[in-house]
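Engineer: turn this into a structure:
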Amino acid sequence: MKTVIFLLCLFFAPFLMADTAPTWNNLSPEQQKMLSVYGDSWDKLPTERRAKLLQKADKFAHMNPEQQQKTLDRFETWKKLPADQKEKLRKRYKDFNSLPADQKAEVKKRLELFNSLPENQKQSLRKKWQKMTPEQKQKIREHFKNMTPQERKEARERLAEKQKAKKE
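Structural biologist: All right, here's what the predicted structure looks like:
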C-alpha cells in the first residue's frame, strides 16, 4: 500500500507543482500593457517573480499620476545604476527590512529630518560623511545606536536649533 501511495505521489507531483501564476495570455490588457517589457519572457519567469510583478503592477495602477511619475523616475534612475551599486542597495534594503519596527521608525524619522534640510546643508553633510574613515563612521553609528529615545530626541532638537540659527 505504501508503495502505491508513493508511486501516485511521484506520478502527480509534476501536476501539483505546476505554475499557478497566470500566463501572458491570461493577463488583462491593462496588465499586459504595464508589464509589456516582460512580454516575450513572461511565461518563462519563475512563479514567485510573476506574482511579485503582478502585485507591483496592481499597486502602480492604483497610484495617482504624481506617484506614478515619481515611481517611473526612480525606476529610470535604478536602471542606470551599475550592478555593484544595485547589489549594495539591495543589501541595505534587506538590512532595513530586518530591523524591528521601532528602529525602522527611527530610521524613517532621521531620513525625514535629513530631507527637510536645505540642499546646501544636505550636500555639506554628505561631503563630511564621505571624508570620514570607516572607523569614524562606525563610531558615530554606535553612538546613535546606544542613545536612548530621549537622547535622540534631544539631539534632533539641538540640530533643529542649529539649523534655525544658521538661517537667521
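
Engineer: drop to CA atoms for contacts and neighbour counts, all remaining ones
Structural biologist: OK.

Engineer: so after the helix or strand of the chain with the lowest mean pLDDT, what's the next helix or strand?
Structural biologist: Within the chain, confidence by mean pLDDT, DSSP states H and E is lowest for helix 2-16 among all helices and strands, at a mean of 45. Going down the chain from helix 2-16, the next helix or strand is helix 29-34, by DSSP states H and E.

Engineer: so for stretch 68-85, mean pLDDT?
Structural biologist: In this model, stretch 68-85 has a mean pLDDT of 91.

Engineer: determine how far that stretch lies from the middle of the whole chain.
Structural biologist: 12 Å (CA atoms, centre = their mean, to the nearest Å).

Engineer: now stretch 129-141
Structural biologist: Centre to centre, stretch against its chain (CA atoms, centre = their mean), the figure for stretch 129-141 is 24 Å.

Engineer: what does it contact?
Structural biologist: By CA atoms under 8 Å, 6 or more residues apart in numbering, no surrounding residue is in contact with stretch 129-141.

Engineer: show me which parts of the helix ranked longest in the chain are buried, residue by residue.
Structural biologist: When the chain is parsed with DSSP state H, its longest helix is helix 149-167. The neighbour-count check on helix 149-167 (16 or more other CA atoms under 10 Å) flags residue 152 as buried.

Engineer: contacts for that helix, please.
Structural biologist: So helix 149-167 is contacted by residue 144 (CA under 8 Å, 6+ apart).

Engineer: mind redoing it with 10 Å?
Structural biologist: With contact meaning CA atoms under 10 Å, 6 or more residues apart in numbering, helix 149-167 is reached by 106, 109, 110, 113, 117, 118, 121, 144, 145, 146, 147, 148.

Engineer: and the residue lying closest to residue 21 once chain neighbours are set aside, how many neighbours does it have?
Structural biologist: Using CA to CA, 6 or more residues apart in numbering and skipping residues adjacent in sequence, the residue nearest residue 21 is residue 47, 5.5 Å away. Around residue 47 there are 17 other residues, counting by other CA atoms under 10 Å.

Engineer: over to residue 47: give its phi and psi.
Structural biologist: For residue 47, the backbone dihedrals are phi -50, psi -50 (criterion: degrees, to the nearest 10).

Engineer: which strand or helix spans residue 108?
Structural biologist: Using DSSP H and E, residue 108 sits in helix 101-115.
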